[in-house]
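A.B. asks: What follows is a protein structure lacking sequence information:
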Ligand SMILES: [Zn+2]
């Protein structure tokens, strides 16, 4: 227990500060960023998600929303956290390739870390070449904490830790009124729950001072057995209870303005794992289990808003609701891939996880090894699959020529050796023959390669400290006959362990880039439909503005403050554009639909015409 007098002084100063800022309407106030992981913009209705729909309809409806591409959680978590695009933060995927082995406390090391993990985040931060901050910019939550706000981040492991990695360190308990809770909280070698909160949590929420496991909702099934029919409601309720019954009352008591990031794992986790559609494209992620997960996230938002009302905080608190990315139903089909020989979920000739690494090894005639199994040699036999779908290609697996990182709806290829340009051209030539590919982006120094566009075209070239991938491979998508709008019926090839019919994201289809976004509160207009493009980096920039902070430098790819949505804000000009690569020998060209506000680019969709949902082919004028 800390001295009460200290708490009192701190609280009193905070109270004075809050009073002072209330005098200036534009000054800092309370902000909640509510992230509904993987919530598609088009799925929200009064029936499916009434609390989300209410925020959207009574507050601001960001009707032209954009996830960062590639459309994965951690790249978008970094955008929310810093207000920067991926080219600056360097978070190119949920898994990335590191230039040297990352030493972990367990004694193990990895060069292909899955970064939705506090231990991994701490270890990367400790690498000397990143100078204590691999994102290259201080996060808003850390800045708010230093500026005297009460802060909290709670919910999904990984994106929560990224909001303020200082709070992952053992000395974190020294920060008054700054809290972090994720899947590991209260567990052995997980985030500690401050002792003073143990009894409070038990008394106020009736729950243990330990985050419950995801339980049945985490069961993804297998090729022999469908996945879960349960949403992540037990765990979701714990985070909701701690936010509404412990933290918000405490912050009000402390009299400090606060900034809270609440990250609901649903609907993402359940949409990935659901068992509604074993092996089949329909209903895919539109089945009852996925809809229960949408409602689960919606319930958390409803309870948060109700707690704000009860505590008298509604009039001083802005809420931004945003999803990190959209979602698609998985397809595992290919007529061209030599790896499409697997039987899974009652179907033959399916693509296995790791198909891209396997196909490339074969095409380039290079040995393939698994970086997640001690660099054991792998093959295209059913028993030879790599553990995570990643592959290192070359005679010396510890100094590979090609590295394939399997992330899901798009994969990353790294070329660590010197002869990169010729190799990149060879890889592109092969990928252009495959029906599962739709759009290729190559690192700018390679110069124009027919059929591809440069990474700078999609905001992937900036001030990043992390190793730049050489090629982004976007996977093909199409719309099934699911009885909803085409982007809600998107079926996308994914390099994943999950089965056909389950859910994934990561592609550059509009199904994956169209994340749900809405906002409500004293700073926002009421009943306003914002038709201008908005992005998750803009959410970061806008939160900075609401808190009276400036987003940190660390590159020039920063989001914009969504002024048109703020009280008194004027409309912004924007334009829709299309970029087309020089055609490859067979005629394939990567097409990019984007919108622009000033020099800022919003990625709508990209790929080969006819192979990406929501992609508008260039007109004759192009
Ligand atoms: Zn996901």
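C.D. replies: Everything's here; your move. Computed from a predicted structure; not experimentally measured. Numbers count the residues shown, from 1 in each chain.

A.B. asks: gap between residue 348 and residue 470?
C.D. replies: 34 Å (Cβ to Cβ, to the nearest Å). Yep, even glycine has a C-beta here, placed from its N, CA and C like the rest.

A.B. asks: Who does residue 504 form a beta bridge with?
C.D. replies: residue 328 (DSSP bridges).

A.B. asks: what's it in contact with, if anything?
C.D. replies: Contact analysis of residue 504 by Cβ atoms under 8 Å, 6 or more residues apart in numbering lists 272, 327, 328, 330, 408, 409, 492, 494, 496, 498.

A.B. asks: So which of those is the closest to residue 561?
C.D. replies: Using Cβ to Cβ, residue 327 comes nearest to residue 561 of the contacts of residue 504, at 27.8 Å.

A.B. asks: Please list all residues in contact with that closest one.
C.D. replies: For residue 327, the contacting residues are 38, 39, 40, 267, 268, 271, 285, 503, 504, 505, 511, 512, by Cβ under 8 Å, 6+ apart.

A.B. asks: Between residue 348 and residue 470, which has more neighbouring residues?
C.D. replies: residue 470 (23 against 9; other Cβ atoms under 10 Å).

A.B. asks: ok, that one - contacts?
C.D. replies: 413, 414, 415, 420, 424, 442, 443, 446.

A.B. asks: So for it, what's the nearest residue that isn't a sequence neighbour?
C.D. replies: When the adjacent residues along the chain are set aside, residue 470 lies closest to residue 415, with 4.2 Å between them (Cβ to Cβ, 6 or more residues apart in numbering).

A.B. asks: Just after the host helix or strand of residue 540, pick out the following helix or strand.
C.D. replies: Assigned by DSSP states H and E, residue 540 falls within helix 536-547. Next along the chain after helix 536-547, taking DSSP H and E as the criterion, comes strand 575-580.

A.B. asks: Give the pairing partners of that next one; include direction for each.
C.D. replies: Strand pairing for strand 575-580, determined by DSSP bridges: strand 591-597 (antiparallel).

A.B. asks: Now do the buried residues in the following helix or strand past the strand it pairs with.
C.D. replies: Sequence order places strand 600-607 as the next helix or strand after strand 591-597, per DSSP H and E. Buried residues in strand 600-607, defined by neighbour count with 16 or more other Cβ atoms under 10 Å: 600, 601, 602, 603, 604, 605, 606, 607.

A.B. asks: Next: stretch 320-335.
C.D. replies: For stretch 320-335, the neighbour count (16+ other Cβ under 10 Å) marks 320-334 as buried.

A.B. asks: tell me how far the ends of it are from each other?
C.D. replies: This stretch, stretch 320-335, spans 43 Å end to end (Cα to Cα, to the nearest Å).

A.B. asks: same question for that stretch, mean pLDDT?
C.D. replies: In this model, stretch 320-335 has an average pLDDT of 98.

A.B. asks: again with stretch 387-400
C.D. replies: Here the average pLDDT along stretch 387-400 is 95.

A.B. asks: now it: how far from the chain's centre is it?
C.D. replies: Stretch 387-400 has its C-alpha centroid displaced from the chain centroid by 26 Å (Cα atoms, centre = their mean, to the nearest Å).

A.B. asks: got it, and stretch 128-139?
C.D. replies: Computed by Cα atoms, centre = their mean, the chain-centroid distance of stretch 128-139 equals 19 Å.

A.B. asks: Just give the number of residues close to the closest residue in space to residue 38 that isn't next to it in sequence.
C.D. replies: What sits nearest to residue 38 in space, not counting adjacent residues and going by Cβ to Cβ, 6+ apart, is residue 268, at 3.2 Å. The number of residues packed near residue 268 is 26, by other Cβ under 10 Å.

A.B. asks: One more: residue 302?
C.D. replies: 18.

A.B. asks: In strands, which of the buried residues of stretch 320-335 fall?
C.D. replies: 320, 321, 322, 328, 329, 330, 331 (DSSP state E).

A.B. asks: Give the bridge partners for the third one, please.
C.D. replies: The residues paired with residue 322 through beta bridges, assigned by DSSP bridges, are residue 35, residue 517.

A.B. asks: hang on, the earlier thing: between the buried residues of stretch 320-335, which is closest to residue 474?
C.D. replies: Using Cβ to Cβ, the shortest approach to residue 474 within these belongs to residue 328, at 12.1 Å.

A.B. asks: need the contact list for residue 207.
C.D. replies: Residue 207 makes contact with 201, 237, 238, 241, 242 under the criterion Cβ under 8 Å, 6+ apart.

A.B. asks: measure the residue at minimal distance from the centre of the chain to residue 536 for me?
C.D. replies: Taking Cα atoms, centre = their mean as the criterion, residue 73 is the residue nearest the geometric centre of the chain, at 1.5 Å. Separation of residue 73 from residue 536 (Cβ to Cβ): 11 Å.

A.B. asks: do residue 226 as well
C.D. replies: In this view, residue 226 and residue 536 are 32 Å apart by Cβ to Cβ.

A.B. asks: wait, isn't residue 387 in contact with residue 375?
C.D. replies: No. Judged on Cβ atoms under 8 Å, residue 387 makes no contact with residue 375 at a distance of 11.7 Å.

A.B. asks: Tell me which other helices or strands the helix ranked longest in the chain touches.
C.D. replies: Longest helix in the chain, counting residues (DSSP state H): helix 288-310. With contacts taken as 3 or more Cβ pairs under 8 Å, 6 or more residues apart in numbering; DSSP states H and E, helix 288-310 sits against strand 30-36, helix 50-58, helix 233-241, helix 248-254, strand 258-264, helix 268-273, strand 317-322.

A.B. asks: mind running it again at 7 Å?
C.D. replies: Counting contacts by 3 or more Cβ pairs under 7 Å, 6 or more residues apart in numbering; DSSP states H and E, helix 288-310 is packed against strand 30-36, helix 50-58, helix 233-241, strand 258-264, helix 268-273.

A.B. asks: what's it in contact with?
C.D. replies: 32, 34, 36, 39, 43, 48-52, 228-229, 231-233, 236, 240, 243-244, 248, 262, 264, 266-267, 270-271, 274-276, 314, 317, 321, 503 (Cβ atoms under 7 Å, 6 or more residues apart in numbering).

A.B. asks: So what's the residue count around the nearest residue to residue 122 once chain neighbours are set aside?
C.D. replies: With sequence-adjacent residues excluded and distances taken as Cβ to Cβ, 6+ apart, residue 122 is closest to residue 168, at 5.3 Å. By other Cβ under 10 Å, the residues close to residue 168 number 19.

A.B. asks: Just to check, residue 168 is in contact with residue 120?
C.D. replies: No. Taking contacts as Cβ atoms under 7 Å, residue 168 lies outside contact range of residue 120: 10.4 Å.

A.B. asks: Report the separation between the residue nearest to residue 130 when sequence neighbours are not counted and residue 104.
C.D. replies: Nearest residue to residue 130 in three dimensions, chain neighbours excluded: residue 465, at 5.4 Å (Cβ to Cβ, 6+ apart). Note on residue 465: its distance to residue 104, by Cβ to Cβ, is 20 Å.

A.B. asks: Alright, that wraps it up for me.
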